[in-house]
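Novice: Quick one, what's the 3D model for this:
(chains A, B and C)
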Amino acid sequence: MPELPEVETTRRGIAPWLEGRTPSSVVIHNPSLRWPITPELPERLTAGPIASVERRGKYLLLNNPLGTALVHLGMSGSLRVSSPEDPRRKHDHVELGLDGERVLRFNDPRRFGAWLWTSDWQQHPLLAPLGPEPLEVDFTGDRLYKGSRGRRASVKAFIMDAKTVVGVGNIYASEALFQAGIHPGRPAGSVGRQRYRRLAEAIREILGNAIAVGGTTLRDFTDSSGNPGYFRQSLTVYGRGGEPCKICGTPLKDRVIAQRSTVFCVRCQR
DNA sequence: AAGGATTCCTGTTGGC
DNA sequence: TGCCAACAGGAATCCT
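Specialist: Now for the predicted structure:
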């Protein structure tokens, strides 16, 4: 399930193959993603060189002189650079020809991903409302504290809301709340300033560490070369329901909070 | 306005 | 062993 570290890992892998090049072709094998791929996408993406590959939250931005292709991996999407001779895999929906030797393929079994075209991504309705980047300086505990006053939803739902901060999905939200010692079901408005400072620090540290080892591979995430990420071995609570807490040994609880499976320690997290 | 429920989809898993 | 229902999950969208 790609969260910010997996998307950033993907960005770093594909950028060197795309930047400065004009795709020779864009072939859409199946346009039925989260939203139908607009038929104009191929002509737009082949119109000029891709100047840069950026990331905003979990969106990848392929920028060229006409605008930007917004690529979202959804929950099962991946991008891979391979040889044109490598056989297409099941669920390869989009293919960019890079030169004679390489192709970029978008694979997405569940088709929750997206490829959208926009002439101005900053104004795009999906991107404009997004909150701060967790690894940038404007993401702070004080900001979380202020934004959460009066909020009755759980602190877990609050930090998974992209308007609060981008890129924190179910796995890293659980990990950060454990590291900060905060119970995921606690109302966001009842968490104090100091504890939000701890939480912001935990989010930063965990996402940064995950990026450094290529993300988390649970089942099938791989980078653009097909390699797994190694953060899984650093997970302290996610996927460990019923197993002992690594701090106090109490069996970890597993229950649904914010519509998602959530693992936490009733003793260490309050 | 806020927050919870629903929805899209397919591969994996668990029960019988 | 085989079949099928339940489940997982990002996040927009619907509903209250």
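
Novice: so how far is residue A:241 from the nearest residue to residue A:156 once chain neighbours are set aside?
Specialist: Distance criterion CB to CB, 6 or more residues apart in numbering; nearest residue to residue A:156, sequence neighbours excluded, is residue A:184 at 3.9 Å. In this view, the C-beta of every residue, glycine as well, is placed from N, C-alpha and C. Counting by CB to CB, to the nearest Å, the gap from residue A:184 to residue A:241 is 13 Å.

Novice: what about these two, which has more around it?
Specialist: Just comparing residue A:184 and residue A:241: by other CB atoms under 10 Å the higher neighbour count belongs to residue A:184, 25 against 15.

Novice: doesn't the more buried one fall inside a strand?
Specialist: No: Residue A:184: not assigned to a strand; according to DSSP: H, G, I helix; E, B strand; the rest coil it is coil.

Novice: wait, isn't it in contact with residue A:154?
Specialist: Yes: with contacts counted by CB atoms under 8 Å, residue A:184 reaches residue A:154, the gap being 6.2 Å.

Novice: who touches both of those two?
Specialist: Applying CB atoms under 8 Å, 6 or more residues apart in numbering, one finds that residue A:184 and residue A:154 are jointly contacted by A:257, A:258.

Novice: any idea where the helices of the stretch 151-270 of chain A begin and end?
Specialist: Along the stretch 151-270 of chain A, the segments classed as helices by DSSP state H, counting those that start in this stretch run A:155-160, A:170-180, A:193-212.

Novice: just so I know, which of those lies nearest DNA strand C?
Specialist: helix A:170-180 (3.7 Å; CB to the nearest atom of the strand).

Novice: is DNA strand B contacted by that closest one?
Specialist: No: shown here: helix A:170-180 not in contact with DNA strand B (CB under 7 Å from any atom of the strand), separated by at least 12.5 Å.

Novice: So which elements touch that helix?
Specialist: Identification of packing neighbours for helix A:170-180 by 3 or more CB pairs under 8 Å, 6 or more residues apart in numbering; DSSP states H and E yields helix A:155-160, helix A:193-212, strand A:260-264.

Novice: The last one pairs with which strands, and in what direction?
Specialist: Strand partners for strand A:260-264, identified by DSSP bridges, are recorded as strand A:253-257 (antiparallel).

Novice: Buried residues, the partner strand. List them.
Specialist: Buried residues in strand A:253-257, counting neighbours by 16 or more other CB atoms under 10 Å, are found at A:253, A:254, A:257.

Novice: any chance of these in a markdown table, with distance to residue A:46 too?
Specialist: Shown next, in a markdown table, are those (distance: CB to CB, whole Å):
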| residue | distance to residue A:46 |
| --- | --- |
| A:253 | 52 |
| A:254 | 48 |
| A:257 | 45 |
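
Novice: and residue A:7, what does it touch?
Specialist: Counted by CB under 8 Å, 6+ apart, residue A:7 has contacts A:55, A:58, A:59, A:60, A:73, A:167.

Novice: rerun that using 6 Å as the cut-off
Specialist: Residues in contact with residue A:7 (CB atoms under 6 Å, 6 or more residues apart in numbering) are A:55, A:58.

Novice: Return the distance of residue A:148 relative to residue A:182.
Specialist: 12 Å.

Novice: So between these two, which is more surrounded?
Specialist: More crowded of residue A:148 and residue A:182, by other CB under 10 Å: residue A:182, with 25 against 21.

Novice: pLDDT wise, what is that one at?
Specialist: What the model reports as pLDDT for residue A:182 is 96.

Novice: How about the contacts made by it?
Specialist: Neighbours of residue A:182 in contact, by CB under 6 Å, 6+ apart: A:155, A:195, A:269.

Novice: for residue A:152, same thing?
Specialist: Residue A:152 neighbours (CB under 6 Å, 6+ apart): residue A:187.

Novice: So what does it have for phi and psi?
Specialist: Here is the backbone geometry of residue A:152 (degrees, to the nearest 10): phi -100, psi -10.
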